[in-house]
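Q: Dropping a prediction and its sequence here:
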Amino acid sequence: MKKKVSIGVVGCGAHAQIAHLPFVSKNTSCRLAAICDTDPRKIDYLGSKYGIVKRYQDFQEIVEDEEIDALVIATPNYLHAPMSVAALNYGKHVLCETPMALNQREAREMVRTSQKAKGKFILAMNNRLRPDVQILKNFIKESELGKIYYAKTGWLIGSHEWILSPGRMENLSLGGGAFLSLGVHLLDIALYLLPNKRPATIFASVHKKEPETDVEDTAMCIINFADGTLLTIEVGWSLLFEKDFLYCNVFGNRGAALLNPLKIQKELHGELFNVTPTIAHKKIYKTSYELQTQAFVDCLTKDTRPPICCHDGLAIAEITDAFSISARREQLVRI
């Protein structure tokens, strides 16, 4: 019998509990062999829930465990790069959460390490695998919307929805503000939908509700592509807003589309017609996480090409660096 891939999850916060632990544990081609977190109560609870014997509080111990083939890095942003590099140097395969790194320097080090390492490095960009994103991707690929010239996207979270505990605030301060925490996910969707367009310039602006905080809680940017396409991104987590508002709109000269929920309209004979395919909206994220886990396992067991590689993360890191420079200088910056 072929040995199952043994996977450990590092960082057992809310996202790991929603996106990784349930789907790794259910996948029949792998084994959820270990977890690691600094909170002993958390790993005891999750270890009992999923029947995990190996429970580590020290990252060094799980990375040195020779029985673990691969690690999912689901820690705060500032730990993604150093933990991924360490895991790769120990011969582990790595599935790293987004953002890959805090800056371009870290991202380049990760690329260099992954090119030399025996293990494979994959980015956890589940949004690309969402059924609605895949449908819209195909519409754009087949030129159903004509030439795309404008896209706008945003993730606005009300202050009551995003509770800033002292621990979360510390992680955000160390791992970037609203743009690195929220904006990179939207940027990834946009770049995936517009693959042949090269970002040329960016103008960014940030806002701190509490001036003494280290990072911004609201951010926006305008990205101009070399062919004249325009992309706007707005994110925030402290707005006086009643609920989450997540959107992505794409406009072409023959049609337009809206994500969340998916709606696609095309111009036919001078009139707009709704051509949205039927889709189960309630299962979009669950499906994307299942597909992400399966793609990771297939990459390790069948040697398939990863759907998202480190160079995708490097492109995002280049833009986030330019975002930071633009926001600091309050001026347009070339990418």
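A: Here it is on my side, so go on.

Q: Name the single longest helix found in the chain.
A: Using DSSP state H, we find that the single longest helix of the chain is helix 310-329.

Q: show me the contacts for Phe121.
A: 84, 88, 93-94, 96, 110, 113-114, 309-310 (CB atoms under 8 Å, 6 or more residues apart in numbering). Quick note: C-beta positions are derived from backbone N, CA and C, even for glycine.

Q: And the residues you listed, which is closest to Ile135?
A: Nearest to Ile135 among those: Cys309, at 23.0 Å, using CB to CB.

Q: and the chain, what are its domains?
A: 5-126+288-309, 128-280+316-334 (automatic domain parsing).

Q: tell me how far the ends of the first one are from each other?
A: Same thing as domain 5-126+288-309. 20 Å (CA to CA, to the nearest Å).

Q: go on, stretch 22-37?
A: Stretch 22-37 end-to-end distance (CA to CA) = 17 Å.

Q: now it, how far from the centre of its chain.
A: 20 Å (CA atoms, centre = their mean, to the nearest Å).

Q: re the thing from before, next step: the contacts of Phe121 restricted to helices.
A: Using DSSP H, those in helices are 84, 88, 110, 113-114, 310.

Q: quick revisit: the domains of the chain: lowest mean pLDDT?
A: Across these, the stretch with the lowest average pLDDT is domain 128-280+316-334; it has a mean of 90.

Q: Off-centre distance for it?
A: 12 Å.

Q: just stretch 35-54 next, same as before
A: Worked out by CA atoms, centre = their mean, stretch 35-54 lies 24 Å from the chain centre.

Q: Just the buried residues of the ones in helices among the contacts of Phe121.
A: 84, 88, 110, 113-114, 310 (16 or more other CB atoms under 10 Å).

Q: Surely Tyr247 and Leu259 touch.
A: Yes: using CB atoms under 8 Å, Tyr247 is in contact with Leu259, at 6.6 Å.

Q: Name the residue in the two with the higher neighbour count.
A: Leu259 (23 against 15; other CB atoms under 10 Å).

Q: Leaving out chain neighbours, which residue sits closest to the more buried one?
A: Sequence neighbours aside, Cys248 is the residue nearest to Leu259 in space, at 4.0 Å (criterion: CB to CB, 6 or more residues apart in numbering).

Q: and what of Glu61?
A: Cys36 (7.7 Å).

Q: Val235 now?
A: Excluding its sequence neighbours, the residue lying closest to Val235 (CB to CB, 6+ apart) is Leu182, at 4.1 Å.

Q: Over to Lys283?
A: Using CB to CB, 6+ apart, the nearest residue to Lys283 is Pro131, at 8.0 Å.

Q: Roughly how far does that neighbour sit from Phe121?
A: 26 Å (CB to CB, to the nearest Å).

Q: Please apply the same query to Gly255.
A: In terms of CB to CB, Gly255 sits 37 Å off from Phe121.

Q: now the helices for this protein?
A: Using DSSP H, helices in the chain cover 14-15, 21-26, 40-50, 59-64, 77-89, 104-116, 131-141, 166-175, 178, 184-193, 284-301, 310-329.

Q: So which bits of the second one are buried?
A: Applying a neighbour-count criterion of 16+ other CB under 10 Å, the buried positions in helix 21-26 are 21-25.

Q: Contacts for it next, please.
A: 7, 9, 12, 30, 32, 35, 46, 50, 72, 289-290, 292-293.

Q: picking up where we left off before, need the contacts of Phe121 in TSV (columns: distance to Ala226).
A: Converted to TSV, the contacts of Phe121 look like this (distance: CB to CB, whole Å):
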residue	distance to Ala226
Ser84	31
Leu88	33
His93	35
Val94	32
Cys96	29
Met110	26
Thr113	30
Ser114	28
Cys309	23
Cys310	23
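
Q: quick revisit: give the contact list for the residue nearest to Lys283.
A: Counted by CB under 8 Å, 6+ apart, Pro131 has contacts 279-280, 283-284, 287-288.
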